[in-house]
Every structure is written in structure tokens, then in C-alpha cells.
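Novice: Fold the following for me, if possible:
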Amino acid sequence: MTLLTTGCSPKQADGQGQASTPVQSEPHDIDILNVSYDVSRDFYKEYNKSFKATYQKQYPNSKVSINQSHGGSSKQALSVANGLQADVVTLNQESDMNLLVEKGLVDPNWQLALPNNAVPYTSTMVLLVRSGNPKNIRDWQDLARTNIKVVMPNPKTSGTARYAFLGAYGYGLYQFNETADAPVQTNAFMQKLLGNVVTFDNGARAATTSFTQRGLGDVLITTENEAHLVAEKHAKGSVELVYPSYSITVKNPVAVVKTVTDKKGSTEAATTYLKGLWSVSAQELIATMYLRPSDQSILAAHQKTLPVIATFEPTEVFGSWDKIMTDFFVDGGRFDDLAKTQQRQ
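Specialist: As a prediction, this is how the structure comes out:
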């Protein structure tokens with residue numbers, strides 16, 4: 001895409017993500033590319049409509065185009081690192097953002113640029129089962145039973161899959177009263193669970209397709225928002241959601257790719273786009289799309305669909321994301337070892 005700027009740049013957005021006053025300027029086009037993870041597409045599709053309407057009302061001489069790119073979070077981050085010209089990245093794992101910092105594409109202080117450490121919303125991992133729950137799947141432990149077939153994305157390419165793996169692993173540590181340094185029973189549990197996986201898809205939406213359209217598996221491990229959207233929209237009447245007793249907090253960080261936006265002249269527009277995620281209207285939209293808004297009052301108002309659940313922070317259980325990636329998800333890491341061990345049995 002090419003950004004044409006022939007007038008004044010828009011003013012900085014206020015804390016609610018709204019530009020303070022309309023600006024009359026010469027006509028100019030604004031193109032924003034949001035490179036995001038798989039299961040955020042439904043939310044951003046709606047948010048983009050709202051943002052464009054608000055922005056063009058305030059800057060009537062501007063033409064705003066917002067393009068989306070979706071896939072496994074880590075694959076998306078790697079694409080940006082390899083040259084995809086993203087104005088903003090909206091990912092689901094801090095380590096993916098760290099890669100872009102290391103490449104010099106995102107400011108090292110990206111967490112200070114926006115509220116709540118640049119996390120506008122969170123999610124958690126849940127279980128999606130066939131209608132009527134014929135296999136009586138109630139918790140993570142059921143996924144290790146011999147009669148259960150599991151669908152999940154690939155932790156090598158998908159941030160959602162890493163949260164799925166870590167969510168089950170953290171449950172094991174909690175259930176067996178073990179630590180991540182000495183996980184004997186937890187490792188045995190995870191070997192059985194991974195041995196039941198019938199497909200490791202590249203991304204979360206591909207895993208959803210395998211479960212709902214290809215008919216694979218008895219249970220899909222996915223994010224809360226994806227499970228709700230599938231149950232209410234994409235496969236209504238054929239699946240239902242099961243909350244595990246103990247799950248993981250999924251944080252979704254966002255940042256401006258300043259090396260791109262500074263060159264294009266789109267930094268202020270891209271920043272306004274991200275700041276808008278903290279506006280009241282966007283936080284309400286986040287909740288209606290089954291994501292957990294950072295605004296706790298709005299989250300509390302949606303407890304019927306976003307119930308209070310017991311969760312853990314991955315970095316508090318497993319260490320930093322750099323340590324998590326090294327311990328679990330590099331080639332030959334614990335994920336590979338557990339998956340291969342079960343396959344050999």
C-alpha cells in the first residue's frame with residue numbers, strides 16, 4: 001500500500017481514543033495495515049467500521065482505509081519481521097512483540113505508550129465440545145482419557161496454541177501440586193493429552209475449521225471469544241462451551257510499528273487507531289465480542305457471558321516469555337519431547 005499525505009497530520013487522540021476537535025485540511029489518504037492473530041478478525045472487522053466512521057467525521061477531508069492480515073500470532077510477527085509493512089500489530093503473546101523489538105521495528109518502550117501495558121483486552125482458554133457434550137468433557141483432565149480426540153493449533157506457529165498447551169500444563173501443576181521444575185505427574189498427563197491430538201493446525205481459526213467443518217475431534221481447545229462466536233454464530237446448535245476449573249490468562253498486546261509509520265507518515269493515525277481501543281465504545285464492543293475488556297466496570301457488566309473464573313498468569317508460573325519459549329517451544333523443547341514421547345509409545 002502507498003500512503004499519500006498532502007495536508008496536515010491529525011491531532012493526537014485523547015485518552016478515550018477520540019480526536020479532540022475536527023481538523024480542516026487538504027485532502028489526504030490514510031492507509032493502515034493491522035497485522036493481527038487468527039481469532040481477532042471478528043472483533044477488528046467491527047472495530048474498523050466504527051473507527052473509520054469516527055475518524056472521517058472528525059477529519060472529513062481524509063479517506064481512511066484499514067486493511068487486516070490474520071494468521072497464527074508468531075507467523076504474523078515473523079512476517080512483519082521479514083518485511084510485511086504493518087502500521088500496527090495486535091498480537092496475542094508478548095514474545096511475538098519482543099521479536100519485533102529485537103528487529104528494531106517496535107519501540108522498546110511499547111508497553112508505556114498505551115494504557116494497561118498496551119493490553120486493551122484479555123481472554124482465556126476454554127473447551128468447545130459437540131452439542132450435548134456426548135463424551136462428558138468437564139475439565140482439562142478429561143482430555144487425557146483414551147476415548148477423547150483433541151483438536152488444537154500448533155504451538156510452533158500459533159500463540160493461541162501455546163496458551164492452550166500452557167493452560168493444560170498449568171492445570172496439571174496445580175492439580176498435582178507440582179512446580180514447573182519438577183513436573184512428574186504433569187508431564188505424564190500432558191503426554192496423554194498430546195497423544196490424543198488428531199491435528200495440529202497452523203492457526204486457531206484453521207483448528208476451528210477442522211473441528212466444525214471437517215468434523216475432526218471431540219473437543220477443540222480455543223480462546224473464550226472464539227468458542228463463543230463459534231457456538232453463537234459459525235456452528236450454532238452443533239457445539240457448546242465448557243469452562244475448565246482452572247485456566248490461563250491470555251494477554252493481547254498492541255503496538256505501532258514505528259519504523260513503518262514514520263516512513264509513511266502514518267504514526268499519528270496509527271496511534272489514534274490503537275488508542276481508540278480504550279474508548280468506552282470500543283471496550284463495550286470488546287465485551288460483546290466475548291473478549292475481556294481492560295475496563296473492569298465494563299467487564300463486570302458482562303459477567304453473564306464473561307463469568308469470573310480462576311486463571312493464572314503464565315509468567316508467574318513458568319517465568320518470563322523468553323524462558324517459556326526456550327523451555328517449551330524451541331526445537332527439542334519440552335513440547336517436542338512430550339509429544340514425541342507419546343508418539344513412541
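
Novice: for stretch 71-85, what is the average pLDDT?
Specialist: For stretch 71-85, mean pLDDT rounds to 91.

Novice: Wait, a helix at residue 174?
Specialist: Yes. According to DSSP: H, G, I helix; E, B strand; the rest coil, residue 174 belongs to a helix.

Novice: quick one: it from residue 246, how far?
Specialist: According to Cβ to Cβ, to the nearest Å, residue 174 and residue 246 sit 5 Å apart. C-betas here are computed from N, CA, C, even on glycine.

Novice: between the two, what contacts are shared?
Specialist: With contacts defined as Cβ atoms under 8 Å, 6 or more residues apart in numbering, the residues shared by residue 174 and residue 246 are residue 312.

Novice: can you give me the strands for the stretch 201-345 of the chain?
Specialist: In order along the chain, the stretch 201-345 of the chain carries the following strands (DSSP state E, counting those that start in this stretch): 219-223, 239-242, 247-251, 254-256, 292-293, 311-312.

Novice: Of those, which stretch is the most buried?
Specialist: strand 219-223 (a mean of 28; mean count of other Cβ atoms under 10 Å).

Novice: chain center to it, what's the gap?
Specialist: Mean-position distance between strand 219-223 and its chain equals 13 Å (Cα atoms, centre = their mean, to the nearest Å).

Novice: just stretch 214-225 next, same as before
Specialist: 16 Å.

Novice: try stretch 235-251
Specialist: Stretch 235-251 sits 15 Å away from the centroid of its parent chain (Cα atoms, centre = their mean).

Novice: same deal with stretch 148-157?
Specialist: 16 Å.

Novice: got the contact list for that stretch?
Specialist: 38, 72, 74-75, 135, 137, 142-143, 160-162, 164-165, 193, 196-204, 206-207, 210-211, 216-222, 328-329, 335.

Novice: Equivalent analysis for stretch 300-316, please.
Specialist: With contacts defined as Cβ under 8 Å, 6+ apart, stretch 300-316 is touched by 124, 163, 166, 170, 174, 224, 228, 243, 245-249, 287-288, 290, 292-293, 299, 321, 324.

Novice: what comes up buried for it?
Specialist: Going by neighbour count (16 or more other Cβ atoms under 10 Å), the buried part of stretch 300-316 is 302, 306, 311, 312, 314.

Novice: Please identify which of the residues you listed is nearest to residue 259.
Specialist: Lowest distance from residue 259 to the buried residues of stretch 300-316 (Cβ to Cβ) belongs to residue 314, with 28.6 Å.

Novice: That closest one and residue 320, how far apart?
Specialist: Look at residue 314 and residue 320: by Cβ to Cβ, they are 10 Å apart.

Novice: And for residue 255?
Specialist: For residue 255, the distance to residue 320 under the criterion Cβ to Cβ works out to 18 Å.

Novice: Helices of the stretch 1-150 of the chain, start to end?
Specialist: Here the stretch 1-150 of the chain has its helices, by DSSP state H, counting those that start in this stretch, at 41-58, 73-81, 94-102, 115-118.

Novice: Out of the ones you listed, which is the most enclosed?
Specialist: Scoring those by mean neighbour count under mean count of other Cβ under 10 Å gives helix 73-81 as the most buried, with a mean of 23.

Novice: and the angle from that one to helix 94-102?
Specialist: Using axes from the mean of the first three to the mean of the last three Cα atoms, to 10 degrees, the direction of helix 73-81 lies 10 degrees away from that of helix 94-102.

Novice: Can you list the low-confidence ranges for this structure?
Specialist: 1-27, 341-345 (pLDDT under 70).

Novice: Let me see the contact set for residue 326.
Specialist: Residue 326 makes contact with residue 333, according to Cβ under 8 Å, 6+ apart.

Novice: ok, residue 120 - how many residues close by?
Specialist: Taking other Cβ atoms under 10 Å as the criterion, the count of residues near residue 120 is 26.

Novice: which residues of the stretch 151-300 of the chain fall in helices?
Specialist: Under the criterion DSSP H, counting those that start in this stretch, the stretch 151-300 of the chain carries helices at the ranges 159-175, 184-195, 204-212, 224-229, 258-264, 267-275, 280-288, 296-301.
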